[in-house]
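Trainee: the following comprises the amino acid sequence and a computationally predicted model.
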Amino acid sequence: MKFIPALSNMVPYEPGRPLELVMREFGLEHVVKLASNEFPLPPFDEVKQAIVEALDDLNRYPDGHSTDLRAALAAQFGRTPEQVAVGSGSCELLMLLGDVLLEKGDEVVFADPSFVVYSDICLRHEAKAVTVPLVDHTHDLEAMTAAVTPRTRMVIVCNPNNPTGTYVPVADVARLVESVPGDVLVVIDEAYNEFVTAADSQGALALQAAHDNVIVLRTFSKIYGLCGLRVGYGLCSPELRGALDKVRQPFNVNRLAQTAALEALKHGDQVAERRRFNAELRAYLVERLAAAGRATVPSEANFMLVDTRDLCRPQDEVCGALLALGAIVRDGNALGCPGWARVSVGTREEVDFFLEKLASLAAPDEGGSS
Ligand SMILES: Cc1ncc(COP(=O)(O)O)c(C=O)c1O
């Protein structure tokens, strides 16, 4: 077979280890997964009910235009349905953006480290990833603006940033938007937006409304607890939405995903409750780690970087050791943050379990290693 040349530089995406596999491999009865920035609670009850009711229609293809979902999102955000794109997760929308914007030799500016899919898109299209190092774990938006050249097709701002959890004020993103040429698309990836407690958390929406070269990406995967169904959305110009529509697969958002997302949107009160829940546990995790003398990076998301550089073992073994104890977290070495672990905020019980296992690594004689 003669594969496309781009393939030789690509590697499959490596997700966090599934819970069941870890239990089996290490013979553990209790495992907590804090590795994939998932929400620790199930979807809303009303959403589960709507999914059950939709099961009987699975012999029919879904609405290929996701009409009701796009109309509901448009109503929620004061847009027309032509300004709403939906995808099989916001990941699909990111990939479709690559399909409609990138050719060999084009440039995409984004932070380093940031969400791994951004470089995958570049590799796929043989575009150049122009990466701009984070400063204090945070986007350097001035340097990103300065990195734009006539070949730049996209600038991606991940806010809060994955894997660091840091948040940049929307006023700073606005300066970037106003400084780049109008034919460069600014992608504001807000996969974790619903967790943000900063006062300007909804600011990117107005920025997008005022600029056709901005797309805001969000997802039902995180706070809504629907990552297993795959549905995300983008608010953008009708022109860009029309372009994305040409390259997506015919029924890209499945029937259960459309049903679930549509129902989930009706429960803003539960979203607010989950935001409070996450913020409280995030603060608790920071506090307990600080009390143990351990640093964290200030996060506005449902995960954070935890400093593990002092642990008395080779750094790349820290997360492996935690895994063997049943606490699955993400090794920062693989995410461009050597010396740190990326830990998702779980329930209180899950957070306590992780803290106990981490403490046992720090002081193996005292903590025991179960
Ligand atoms: C920054 C960022 N963007 C986008 C996504 C994609 O989410 P999904 O495809 O599940 O909507 C993720 C998932 O972890 C993410 O971290």
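Mentor: Received it, and whenever you're ready, just let me know what you need.
Trainee: what is the burial count for the closest residue to the ligand within the stretch 51-200 of the chain?
Mentor: Relative to the ligand, the nearest point of the stretch 51-200 of the chain is Gly89 (2.5 Å; CB to the nearest ligand atom). (C-beta placed from N, C-alpha, C; glycine too.) Gly89 sits with 24 neighbouring residues when counted by other CB atoms under 10 Å.
Trainee: ok, it touching Leu217?
Mentor: No: between Gly89 and Leu217 there is no contact under CB atoms under 8 Å: 10.0 Å.
Trainee: what do these two both touch?
Mentor: Residues touching both Gly89 and Leu217 (CB atoms under 8 Å, 6 or more residues apart in numbering): Gly232.
Trainee: show me which residues of the stretch 101-250 of the chain are close to the ligand?
Mentor: Residues of the stretch 101-250 of the chain lying near the ligand by CB under 6 Å from any ligand atom: 115, 158, 162, 189, 191, 219, 221, 227, 232.
Trainee: which residue packs closest to the first one, ignoring adjacent ones?
Mentor: This points to Phe115. Spatial nearest neighbour of Phe115, chain neighbours left out: Asn162 (4.7 Å); criterion: CB to CB, 6 or more residues apart in numbering.
Trainee: tell me how far the one you found lies from Phe303.
Mentor: In this structure, Asn162 and Phe303 are 8 Å apart, going by CB to CB, to the nearest Å.
Trainee: kindly report the same for Phe354.
Mentor: 12 Å.
Trainee: ok, back up a step: am I right that the residue nearest to Phe115 sits in a strand?
Mentor: No: counting by DSSP: H, G, I helix; E, B strand; the rest coil, Asn162 is not part of a strand but coil.
Trainee: hang on, the earlier thing: mind putting the residues of the stretch 101-250 of the chain next to the ligand in CSV, pLDDT, neighbour count and distance to Gly293 included?
Mentor: Formatted as CSV, these follow (pLDDT from 0 to 100; neighbours: other CB atoms under 10 Å; distance: CB to CB, whole Å):
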residue, pLDDT, neighbour count, distance to Gly293
Phe115, 97, 20, 30
Cys158, 98, 25, 30
Asn162, 98, 21, 26
Asp189, 99, 29, 33
Ala191, 98, 24, 31
Thr219, 98, 26, 35
Ser221, 98, 23, 34
Cys227, 98, 17, 34
Gly232, 98, 27, 39
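Trainee: looking at the residues you listed, which are in strands?
Mentor: Per DSSP state E, strands hold the following members of these: 158, 189, 219, 232.
Trainee: returning to what we had before: give the residues shared as contacts by Asn162 and Phe303.
Mentor: Contact with both Asn162 and Phe303 is made by residues Asn37, according to CB under 8 Å, 6+ apart.
Trainee: centroid-nearest residue for the chain?
Mentor: Ala191 (4.5 Å; CA atoms, centre = their mean).
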